[in-house]
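1. All I have is the shape, not the residue letters:
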């Protein structure tokens, strides 16, 4: 059992961190962490976190949040330079914005909060445009980097050592990515990031902090739940490369130890063990639906509605595909056939990779912008590899 | 009883059901009313158990209006309390004139209201959902001497909201291993709430309860021994004591008969003196913990009720 945590300091630190008064959920989390034997750092340790070179820190292969496109993240996990990854990512994002009439965007306008950011009366910000999911992730990173640049980093990330001058993220990948992003954009002072160095990997700390922030999407919560299930059942948490949906789904066979259901709910930031069961069911989603749900941040309720409305897996995939198309501003080929399908549709544009490839002629394919062609080919290649 | 006219708030809590929380809350309320205190029981349990315990009309649920601040203008919790029949429920102790006993009736609407307030405290004028009971307790200042909070076991959020205003927690527990192990999360929750928001929160005591129906009448079974040993090894300092001996009470059929017939076990020769004395021993342990003198039943002032 770990040493008694300093709960009062944690509460005070948390209140200072968020600017909000302590509430019932804070106390529940502290009690849950106490039961889980989770060691909480006193406020003094948090404020005295070391400034580690951001380049020494690598991402966690299984962590539940996806702050960058999966494909690019897998490159990062395999050791590709982050600068090259940002360049490739930016190239694709600019293609997307060009098609929306937003060419030549100056990212520093957002980073520095300047008034010369383009906009129109109908849209409050970039996220109001029907962006490709990879572009949405870019914009979210831009927003976080802007906040860090203007206000500073209020909460250190948590890392643990994995080698000589090498650390792995426990909590805070988005913040780390923001620091690397700002450096890549040419801002100085972000080469090192405040980091709390823990002894080792602790999935309960990770879950508790993610639950406290409550900014994981439904698929992120499902991933976190899978990690907790594996940890509670002494299953290995190491993977080669990036954890796939099937890796998380393998946790479906595992059960929550007796008496721990409420703890799991609290760690995930959910209201009750019943909510945990609902997110557990997401682990069984077909891979395509899982990916779209992650990319478009579909909430659990929406996914549950889709699953209930679909007669079988094929229909579920078709419904989700149609919804993904609407998210990207394109109408699905078939109109929704049921009231439920009409209820859950959004107004957005887009087509799925397979639909676009099969619907186009050779000339149309060749006429696509080079970056989009490349992206489609890469996605199709991955699909073929998996199917063989 | 408390400074600044604030009532003394005693919560009855254990994070496991079926340990006789409602019975103990009702008994505590009767006890303090018997000592002459104006006592209010707040039914913080979605089952509305105190309505049954005191044979009150089921239509009297008002707590949800109190919590959501939706009473008619000018009204507070004081105006919507249900008085309890004094002759049937308030014991007569030697040397004491009985006080008054009221219930703030809860139920399923209360549970819904609690969920609403906890989810969106700002909508109900609160900076934090920890203040959910702050205003009702404040409105009882100068009216009630004692407030007893009967808490359900499963809604931890509601429990924390109650612990935030509680002075003492009574923790009944049955002696099976599952229950005594649940003392750990119960005490941890109390400790965390005390550290975070309520430094005056204290444990009144742990009260072991023997449930005959659970053990099928075997009091001295291995199950109870394991539980007793666990309590002694881990929580000995928190056990309620009469003299030097830990107090135990038995959940008897007589208690349920009393509820069914609509009276306190003190206000009739039925059940037996043995049951009454056992209850008094426990209540005097509570009194001692609070710095009060021992009390004795006034044997002459009892009702006679025909046993059905």
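-> Great, that's in hand. This is a predicted model, so every value here is computed, not measured.

2. can you pull out the helices in the stretch 1-150 of chain A?
-> A:7-18, A:24-36, A:43-47, A:70-77, A:82-99, A:107-111, A:133-151 (DSSP state H, counting those that start in this stretch).

3. before we move on, what about the stretch 1-150 of chain B?
-> For the stretch 1-150 of chain B, the helices defined by DSSP H, counting those that start in this stretch cover B:21-34, B:49-53, B:63-67, B:86-89, B:108-119, B:134-139.

4. which one of these lies closest to residue A:23?
-> Ranking these by proximity to residue A:23 (Cβ to Cβ) places helix B:108-119 first, at 8.3 Å. Where you see a C-beta, it was placed from the backbone N, CA and C, and this is true even at glycine.

5. what's in contact with that closest one?
-> For helix B:108-119, contacts defined as Cβ atoms under 8 Å, 6 or more residues apart in numbering or on different chains pick out A:24, B:43-44, B:46, B:48, B:61, B:63-65, B:67-68, B:123-124, B:126, B:129, B:132, B:155, B:157-158, B:161.

6. ok, now with 6 Å
-> Helix B:108-119 is contacted from outside by A:24, B:46, B:61, B:63, B:64, B:67, B:68, B:124, B:129, B:132, B:157, B:158, using Cβ atoms under 6 Å, 6 or more residues apart in numbering or on different chains.

7. what does stretch A:259-268 give?
-> Stretch A:259-268 is contacted from outside by A:28-29, A:32, A:35, A:207-208, A:211, A:221, A:224, A:228, A:256, A:272-273, A:276, using Cβ under 6 Å, 6+ apart.

8. Could you list which of these belong to helices?
-> Filtering the contacts of stretch A:259-268 for membership in helices, criterion DSSP state H, returns A:28, A:29, A:32, A:35, A:207, A:208, A:211, A:221, A:224, A:228, A:273, A:276.

9. what would the contacts of stretch A:259-268 look like in TSV with neighbour count?
-> What follows is these, written out as TSV (neighbours: other Cβ atoms under 10 Å in any protein chain shown):
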residue	neighbour count
A:28	24
A:29	24
A:32	26
A:35	18
A:207	29
A:208	24
A:211	23
A:221	25
A:224	26
A:228	25
A:256	20
A:272	16
A:273	16
A:276	22
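
10. Single out whichever of these has the smallest pLDDT.
-> Among the contacts of stretch A:259-268, residue A:35 carries the weakest pLDDT, at 65.

11. Give me the distance between residue B:102 and residue B:84.
-> Look at residue B:102 and residue B:84: by Cβ to Cβ, to the nearest Å, they are 7 Å apart.

12. try residue A:372
-> The gap separating residue A:372 from residue B:84 is 76 Å, by Cβ to Cβ.

13. And these two? Which one has more around it.
-> When neighbours are counted by other Cβ atoms under 10 Å in any protein chain shown, residue B:84 comes out ahead of the other of residue A:372 and residue B:84, with 25 against 15.

14. Now that that one has come up, it's in contact with residue B:53, right?
-> No - assessed by Cβ atoms under 6 Å, residue B:84 is found out of contact with residue B:53, at 9.5 Å.

15. all strands of the stretch 51-200 of chain B, in order?
-> B:82-83, B:101-104, B:146-151, B:168-174 (DSSP state E, counting those that start in this stretch).

16. For chain A, give me its nearest residue in the stretch 201-308 of chain B.
-> Proximity of the stretch 201-308 of chain B to chain A (Cβ to the nearest Cβ) peaks at residue B:201, 11.7 Å away.

17. I'd say that residue and residue B:194 touch.
-> Yes - using Cβ under 6 Å, residue B:201 is in contact with residue B:194, at 4.2 Å.

18. Contact partners for residue B:106?
-> Contacts for residue B:106 were tallied using Cβ under 6 Å, 6+ apart; they are B:43, B:48, B:63.

19. Turn these into TSV, including pLDDT, neighbour count and distance to residue B:146.
-> As requested, the contacts of residue B:106 are exported to TSV (pLDDT from 0 to 100; neighbours: other Cβ atoms under 10 Å in any protein chain shown; distance: Cβ to Cβ, whole Å):
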residue	pLDDT	neighbour count	distance to residue B:146
B:43	91	32	15
B:48	74	24	21
B:63	90	25	18
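
20. Could I get the contacting residues of residue 60?
-> Unless you meant another one, I'm taking chain A. Applying Cβ under 6 Å, 6+ apart to residue A:60 gives the contacts A:168, A:169.

21. try chain B instead
-> By Cβ under 6 Å, 6+ apart, residue B:60 lies in contact with B:82, B:105.

22. One more pass at 7 Å, please.
-> Residues near residue B:60 by Cβ atoms under 7 Å, 6 or more residues apart in numbering or on different chains: B:51, B:82, B:105.

23. measure the first one to residue B:265 for me?
-> Pointing back at residue B:51 there. From residue B:51 over to residue B:265 the distance is 19 Å, taken as Cβ to Cβ.

24. What count of nearby residues applies to residue B:139?
-> Residue B:139: 17 neighbours (other Cβ under 10 Å).

25. Might one say that it is in contact with residue B:78?
-> Yes - counting by Cβ atoms under 7 Å, residue B:78 is a contact partner of residue B:139 at 6.2 Å.

26. For the closest residue to residue B:89 other than its chain neighbours, give me phi and psi.
-> Leaving out its chain neighbours, the residue that sits closest to residue B:89 by Cβ to Cβ, 6 or more residues apart in numbering or on different chains is residue B:264, at 4.6 Å. Phi and psi for residue B:264, reported as degrees, to the nearest 10, are phi -80, psi 150.

27. What residues does residue B:264 make contact with?
-> Contacts here follow Cβ under 7 Å, 6+ apart; on that basis residue B:264 touches B:30, B:88, B:89, B:91, B:258.

28. ok, back up a step: and the helices of the stretch 1-150 of chain B as a markdown table, adding distance to residue A:198?
-> Output for those, formatted as a markdown table (distance: least, Cβ to Cβ, whole Å):
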| stretch | distance to residue A:198 |
| --- | --- |
| helix B:21-34 | 40 |
| helix B:49-53 | 45 |
| helix B:63-67 | 41 |
| helix B:86-89 | 56 |
| helix B:108-119 | 32 |
| helix B:134-139 | 37 |
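
29. Ok, which of the ones you listed comes nearest residue A:142?
-> For residue A:142, the closest of these is helix B:108-119, at 31.4 Å, according to Cβ to Cβ.

30. Buried residues, the closest one. List them.
-> When neighbours are counted by 16 or more other Cβ atoms under 10 Å in any protein chain shown, the buried residues of helix B:108-119 are found to be B:109, B:110, B:111, B:113, B:114, B:117, B:118.

31. So which of these is the closest to chain A?
-> Nearest to chain A out of the buried residues of helix B:108-119 is residue B:118 (Cβ to the nearest Cβ; 5.9 Å).

32. Extract the residue ranges of chain A that are flagged as low pLDDT.
-> For chain A, residues meeting the criterion pLDDT under 70 lie at A:1-21, A:33-49, A:115, A:118-124, A:212-214, A:330-360, A:379, A:382-383, A:385-388.

33. That one: strands as residue ranges?
-> In chain A, the strands defined using DSSP state E lie at A:50-53, A:57-58, A:157-163, A:166-171, A:192-197.

34. Dump the ones you listed into JSON lines; add distance to residue B:165 and mean neighbour count as well.
-> Listed next are the strands of chain A as JSON lines, based on distance: least, Cβ to Cβ, whole Å; neighbours: other Cβ atoms under 10 Å in any protein chain shown:
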{"stretch": "strand A:50-53", "distance to residue B:165": "41", "mean neighbour count": "14"}
{"stretch": "strand A:57-58", "distance to residue B:165": "45", "mean neighbour count": "20"}
{"stretch": "strand A:157-163", "distance to residue B:165": "35", "mean neighbour count": "18"}
{"stretch": "strand A:166-171", "distance to residue B:165": "34", "mean neighbour count": "20"}
{"stretch": "strand A:192-197", "distance to residue B:165": "35", "mean neighbour count": "20"}
